[in-house]
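K.L.:
Got a predicted model here, sequence first, then my questions.
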Protein chains: 2
Amino acid sequence: MDRHPPGAAGRRGRRRRDGVSDGTDAPGTHRPFDDVLDGLRREGLIEPPAALVADEATAQPDGLGRVTLSFSPAERVVRVPPGVSVFDAASWNGIAVDSTCGGHGTCRKCKVRLTAAGAPVSRHDVRTFTSEQLEDGWRLACLVRATHDLAVEVPPLVTRPKASTVGVGRQVILRPAVQKRYVELTEPTLSDQRTDLARLRDAVDDLTLEPDLHALRRLPTVLRQSDFKATAVVVDETLVDVEPGDTTARRHAIAYDLGTTTVVATLLDLETGTPVAVASMLNKQQPFGGDVITRISATMMDPEALPRLADLARQTLAELADEVCAEGGVDPAEVYEVALAGNATMTALLLGIDPEPLGVAPFVQSTADWPVLRAGDLGLALHPGARAVVFPALGAYVGGDIVAGMLASGLDRDKRVRLFIDVGTNCEIALSDGETIVTTAAPAGPAFEGGAIRCGMRAADGAVETVRLDASAEDPASAVVLGVIGDVEPRGLCGSGLVDAVAELVKVGLLDASGRFVPDDAASSIAPALADRMASVRDNERVFVLHRPEPGAAAEDSVYLSQRDVRELQFAKAAISTGWTLLIEELGLDPGEIQQVLLAGSFGSYLSPGSAVRIGLVPRLPVLRIVSAGNVAGEGAKMVLLSARERAGADALLEEVRYVELSDRPDFNDRFVDQLAFPV
Amino acid sequence: MDRHPPGAAGRRGRRRRDGVSDGTDAPGTHRPFDDVLDGLRREGLIEPPAALVADEATAQPDGLGRVTLSFSPAERVVRVPPGVSVFDAASWNGIAVDSTCGGHGTCRKCKVRLTAAGAPVSRHDVRTFTSEQLEDGWRLACLVRATHDLAVEVPPLVTRPKASTVGVGRQVILRPAVQKRYVELTEPTLSDQRTDLARLRDAVDDLTLEPDLHALRRLPTVLRQSDFKATAVVVDETLVDVEPGDTTARRHAIAYDLGTTTVVATLLDLETGTPVAVASMLNKQQPFGGDVITRISATMMDPEALPRLADLARQTLAELADEVCAEGGVDPAEVYEVALAGNATMTALLLGIDPEPLGVAPFVQSTADWPVLRAGDLGLALHPGARAVVFPALGAYVGGDIVAGMLASGLDRDKRVRLFIDVGTNCEIALSDGETIVTTAAPAGPAFEGGAIRCGMRAADGAVETVRLDASAEDPASAVVLGVIGDVEPRGLCGSGLVDAVAELVKVGLLDASGRFVPDDAASSIAPALADRMASVRDNERVFVLHRPEPGAAAEDSVYLSQRDVRELQFAKAAISTGWTLLIEELGLDPGEIQQVLLAGSFGSYLSPGSAVRIGLVPRLPVLRIVSAGNVAGEGAKMVLLSARERAGADALLEEVRYVELSDRPDFNDRFVDQLAFPV
């Protein structure tokens, strides 16, 4: 099992798809835009209307690769995108750093010592530390950006935060649904024959106690074993247990991000609001197919597949629960609640609900919101009364993971105009003008996952994740700079590398606005340092060689980008940009009014904002407005566990957000075609 | 398994106790009045203060034995106490008779034909039937009293009653918590992507539908299998299922009377409000002891006993469910709710809750009211979403069975002054003055169950259940008339026979007011026809021989009543009369103000009111004010299934009824001693 930052979790676990035929050829299933895509494939690509002028100011490459943070005394090494605050990096990885303001630079409690390298001193640092301490490496963790590798010493906690920072800078007041109350009761007499429950209720006057059967079974025994000194365990209004003595310091919950590919579990200490342990693993449903459509198909072809898939999802969750409890040193019986954010199909499969209506037009869910379930319904052997909160969904393709993401990014509370994009095989897009939120789903296809790409691979060791081209480099060896996961020999191209490669080829001019490689003679004059990398493979398909395993190796044996790969990426990005274009129109906005673009999901977090702008995946905006939001689904799941109020917020999103179905719009084809070209 | 009227169920199943030592000697357990009783036993009986003058007008014997009703075409033969209406007799036995007024003589729908014997013609009969029909035996079933054996032909139902009569003449408006709604939904389209649940909710606008997980699993599949024509199954506000097509005519529930000795199950058709099948069997916990104290002791001595007892109770309920479903031709999956009335100990054992605090001072329950459980929590394999309503309890010894009985007898709604007595090993007493209800428990001991009585036996074949003595009979053979269960040779004396025997001996003067047999010479002059039945057995204990198996047989080999038996009965009745005496004082009433005495429970129903008055078990009132209420616990359980409103009424009783604890009253001993004598 992997253990790494939530943001990276999806990457390491991502599985390479061997093709798309298993998905699109499945009997009876139907992706929302299949007809459109099929039609365009038959017709061939259409030239874009007019080449746009490049806007260099909006496209600045960010740093290559990731930075490594070594935390002590936790002995944890994590890799995060450059620019993330040390506080967030620690928080995402379950390393508790003191804080009461939630990482806003005001409480001055998040003191850490950077032992292996220096860092800039902020205004707040000067006010907080002596010059000796500053010299010694002390800084406020929320103000230190991880721009290069750092060793971080974290002092033990001295305060218990009343608030916790999760999601995209969301500060959540700690008010978990899981509450404990220690009471010392008077013992019954013949003149005071109140029932055990009445006695307990009278002592806990600030909470409603509706007992479940397990709690009633324990009540008389525990009260008498403990001389009537016991702790009531309450989830929402349900009394789920009575524990002997004072156990108020021990209450936990697990937040799950149930991805199609990767599942991440975070064990939370609800008393402090801090993550205790994080673990992730591949969704055990993988053998049934890499994406939601293939898994839905499986249930349609074999009646045994649904119970089997449900069981595999439960096993995945259960193993992760064991893992985080073992790592955190927490008794699973002291985990009283879980929250789960997943897309509509993953949620249905987990709960044993037939997903077929999600996979065929008109793409209908069984329900948008879920009753409060028991953790046992999800196959989890935690506290027997443990509850499971399952995120509601806005549509068959805008699922609970997106609602969790909206919650974590505060889309409903921020007054700015913000665009939220979760990039993946299915891409979910939401747009808020500060008042109204509209959302839709766009079928990007498997290109971003490395599928349907000749040298595509999942984001694992050997995958090229960043690409920089210098057309005028004097040394051809330095004309191509690749960032490779794991610092090993490049083996293939993952999604962010694909986007980078195309964006850079567009920038240097080797790809024209329509997505065609320029002729060889043009290449030599445009980019002399790169021209020798243009080649042809089978069927005379033109390619650009990114990496030759050895000098002079054939293009076929190299890591390269082909003309068809570019086309696949164009389809994918056009689906997405058609989505946000129509949402922008829906709210009567101009793209330039967008104040922030949040790239969510494990893939979105790793995408280069500059490259995303250059290929037109996101609106043409200054790159500083384009922000990696990290694993917002998992963050949203944490939020509802830390705050019952946020849970109500998630439910409220169902009422507040308007889902826009694109696949029945008559103008969709035209709009899609408009978006195929690159905005060079 | 037995199958017989609810009123008789407890009798057939009653088990003979072999002694009391297993109960009172159990380590650690403590019956509320043990100290008092032990003290009095040591001291010997005290003479009553003054013999009361017999009031012949208040003590009139009722008919001997039972009457037999043969119903056709159901081919069911039932035995009921004389005076019960044919309508009630049919209803109690699961034979549906048409009615919309609920047996009040106003709807004139409960037409039956008495084929084997005539019956008086009522005013309503004359208005309802032609003279030819009257001649032919047609009568309104609610107005015909079963004073002698009858054959009854029941026509098929032509109306569906909106109300049903249950309990003691309680008419319940049919509004079960279990509701069904058939809907024909429009199919989803791309422009109408409402979720399946939203579509269903929009179509069922008069009910709240909160789905459980099972219903959500079924929803998408069933809607699409049935072309979106389906039936929503709702219990309270929970959507528990969606069934293909129109199943509204099929909804059922099971009412359980979970007795310490006998368990009775009644399968109800919630669409018509009528019982479909009734079955009863011995509680499978019997091997652990005959009464609640011995079962509590078992759990204290062996940690494995509680789970075992819980399992046995569940098995009992499950077998009865199978039985009534098979008899009624109902699929167990179409039973959506059960209700359970049991005493506090039986309820705790069923639910796996440690009963020890109920068995030792200060006699405390874990809870008075229960959350809505699932039938599965009770070990029942009915509909997977079936709910279980467990009656709340007023105290450790005034349990859910009594709350059900109060509900069924309308104690909270009737403005009359009424005394409710459930006679048994533990006797529960409630008194209402039309405004306030007070209740208490009195430990009568096992005498009424045939325990601690030399020739005692449970009410099974061969048990003497009625006794009439004629002191001046010319033929000694007719001086003693015994009613025997099963029309076989008498083998022993059950509770009602014991009460009758003592009452008759007091009446003829062979027992004096203090409970002593008069000397032989006095017997000869007082009751010449009976004097030769006075004899002595071991230890020279004096006895009265009720039945000799053959002429001249020794008293030891006969069915007799001993001096010690009389003492046991005195203890039992004194405990009870002390209870109601104190309750009467509590409300500042005079015994003569009591307008009705309800004798509840299977034993109470069979008790002769005249004899009960004569021995002082009930206040000295005209016998017409003393009414057998039948199995009111089972009737209460039916009521809450037929009407959600009545369920609220049961909960309200918890607030309205005041429990009076007798065992800590300083004057209890004196009051108890005052009550030992017979009111001759």
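P.N.:
In hand now; what should we look at?

K.L.:
now A:D377, nearest residue through space, not along the chain?
P.N.:
B:L213 (5.7 Å; CB to CB, 6 or more residues apart in numbering or on different chains). Any C-beta I mention is one placed from the backbone N, CA and C, and that applies to glycine too.

K.L.:
repeat for A:A574
P.N.:
That would be A:Q675: by CB to CB, 6+ apart, it lies 4.0 Å from A:A574.

K.L.:
residues contacting A:A232?
P.N.:
A:180-181, A:183, A:200, A:204, A:207, A:209, A:239, A:241-242 (CB atoms under 8 Å, 6 or more residues apart in numbering or on different chains).

K.L.:
Could you export these as TSV, including pLDDT?
P.N.:
As requested, the contacts of A:A232 are arranged in TSV below (pLDDT from 0 to 100):
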residue	pLDDT
A:K180	96
A:R181	95
A:V183	97
A:L200	97
A:V204	93
A:L207	89
A:L209	94
A:L239	97
A:D241	98
A:V242	98
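
K.L.:
just checking, which of those belong to strands?
P.N.:
Applying DSSP state E to those, the entries found in strands are A:180-181, A:183, A:239, A:241-242.

K.L.:
so A:R468 touches A:V481, yeah?
P.N.:
Yes - judged on CB atoms under 8 Å, A:R468 makes contact with A:V481 at a distance of 4.4 Å.

K.L.:
more crowded one of the two?
P.N.:
Applying other CB atoms under 10 Å in any protein chain shown to A:R468 and A:V481 shows that A:R468 carries more neighbours, namely 19 against 14.

K.L.:
What is the burial count for the residue nearest to A:D377?
P.N.:
By other CB under 10 Å, neighbour count at B:L213 equals 17.

K.L.:
before we move on, the earlier item: quick one: buried ones out of the contacts of A:A232?
P.N.:
Those of the contacts of A:A232 that meet the buried threshold are A:180-181, A:183, A:200, A:204, A:209, A:239, A:241-242, by 16 or more other CB atoms under 10 Å in any protein chain shown.

K.L.:
Just give me the closest of the residues you listed to B:L190.
P.N.:
Checking the buried ones among the contacts of A:A232 against B:L190 with CB to CB, the nearest one is A:L239 at 46.2 Å.

K.L.:
tell me the contacts of A:F129?
P.N.:
A:F129 makes contact with A:111, A:138-139, according to CB under 8 Å, 6+ apart.

K.L.:
So which of these is surrounded by the most neighbours?
P.N.:
Neighbour-wise, the contacts of A:F129 (other CB under 10 Å) top out at A:R139, 26 neighbours.

K.L.:
Next up, the contacts around the residue nearest to A:A574.
P.N.:
A:573-574, A:577-578, A:581, A:616.

K.L.:
From what I see, A:T440 and A:E661 are in contact.
P.N.:
Yes - the criterion here is CB under 8 Å, and A:T440 meets it with A:E661 at 7.2 Å.

K.L.:
So the two - more neighbours on which side?
P.N.:
Per other CB under 10 Å, whichever of A:T440 and A:E661 has more neighbours is A:T440, with 27 against 17.

K.L.:
what's the neighbour count on the closest residue to that one other than its chain neighbours?
P.N.:
In space, and not counting its chain neighbours, A:T440 is closest to A:V660: 4.5 Å by CB to CB, 6+ apart. A:V660 has 19 neighbouring residues, counting by other CB under 10 Å.

K.L.:
residues near A:P120, how many?
P.N.:
A:P120 has 10 nearby residues by other CB under 10 Å.

K.L.:
Am I right that A:Y256 sits in a strand?
P.N.:
Yes - under DSSP: H, G, I helix; E, B strand; the rest coil, A:Y256 sits within a strand.

K.L.:
Columns pLDDT and distance to A:A522 on top of the contacts of A:Q675, output as TSV?
P.N.:
Shown next, in TSV, are these (pLDDT from 0 to 100; distance: CB to CB, whole Å):
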residue	pLDDT	distance to A:A522
A:K573	94	24
A:A574	95	25
A:S577	95	27
A:T578	95	30
A:T581	95	31
A:G616	95	22
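
K.L.:
of all those residues, which comes closest to chain B?
P.N.:
Nearest to chain B among the contacts of A:Q675 is A:T578, at 16.7 Å by CB to the nearest CB.

K.L.:
Isn't that closest one up against A:D667?
P.N.:
No - counting by CB under 8 Å, A:T578 sits too far from A:D667 to count as a contact (9.9 Å).

K.L.:
So these two - more neighbours on which side?
P.N.:
Taking neighbours as other CB under 10 Å, A:T578 and A:D667 compare with A:T578 leading, 27 against 11.

K.L.:
which parts of the stretch 551-680 of chain A sit against chain B?
P.N.:
Counting by CB under 8 Å from any CB of the partner chain, the positions of the stretch 551-680 of chain A adjacent to chain B are A:659, A:661, A:663-664.

K.L.:
Now the buried members of those.
P.N.:
Those of these that meet the buried threshold are A:659, A:661, A:663, by 16+ other CB under 10 Å.

K.L.:
Helices of the stretch 201-350 of chain A, residue ranges please.
P.N.:
A:213-225, A:292-301, A:305-328, A:344-351 (DSSP state H, counting those that start in this stretch).

K.L.:
Quick check: pLDDT value at A:E550.
P.N.:
Per-residue confidence (pLDDT) for A:E550: 89.

K.L.:
Same question for A:L45.
P.N.:
Taking A:L45 on its own, its pLDDT is 34.

K.L.:
Next, count neighbours for the closest residue to chain B within the stretch 401-550 of chain A.
P.N.:
Taking CB to the nearest CB, chain B has its nearest neighbour within the stretch 401-550 of chain A at A:A441, 11.5 Å off. For A:A441, the count of nearby residues is 29 (other CB under 10 Å).

K.L.:
My guess is A:S496 contacts A:T466. True?
P.N.:
Yes - under the criterion of CB under 8 Å, A:S496 makes contact with A:T466 at 6.8 Å.

K.L.:
Find residues that contact each of those two.
P.N.:
Common neighbours of A:S496 and A:T466 (CB under 8 Å, 6+ apart) are A:S608.

K.L.:
Quickly note the distance from A:P307 to chain B.
P.N.:
11 Å (CB to the nearest CB, to the nearest Å).

K.L.:
Tell me the confidence at the residue nearest to that residue when sequence neighbours are not counted?
P.N.:
Leaving aside its sequence neighbours, A:P307 sits nearest to A:G352 (CB to CB, 6+ apart; 6.5 Å). For A:G352, the model assigns a pLDDT of 97.

K.L.:
can you pull the contacts of A:G352?
P.N.:
A:306-307, A:310, B:217.

K.L.:
I'd like to know which of those residues are buried.
P.N.:
Among those, those buried by neighbour count (16+ other CB under 10 Å) are A:306, A:310, B:217.

K.L.:
helix, strand or coil for A:D377?
P.N.:
Assigned with three-state DSSP, A:D377 falls in the helix class.

K.L.:
Quick check: A:V172 is in a helix.
P.N.:
No - counting by three-state DSSP, A:V172 is not part of a helix but strand.

K.L.:
Any figure for the gap between it and A:V390?
P.N.:
As defined by CB to CB, to the nearest Å, A:V172 lies at a distance of 19 Å from A:V390.

K.L.:
Check A:Q193 too.
P.N.:
For A:Q193, the distance to A:V390 (CB to CB) stands at 42 Å.

K.L.:
more crowded one of the two?
P.N.:
Shown here are A:Q193 and A:V390; by other CB under 10 Å, A:V390 has more neighbours (24 against 19).

K.L.:
Can you name the residues bridging to the more buried one?
P.N.:
With DSSP bridges applied, A:V390 shows beta-bridge pairing to A:L340.

K.L.:
mind listing what it touches?
P.N.:
Neighbours of A:V390 in contact, by CB under 8 Å, 6+ apart: A:339-340, A:342, A:347, A:351, A:370, A:373, A:400.

K.L.:
Around chain B, pick out the residues from the stretch 201-350 of chain A.
P.N.:
So far as CB under 8 Å from any CB goes, the stretch 201-350 of chain A lies against chain B at A:210-213, A:216-217, A:219-221, A:224.
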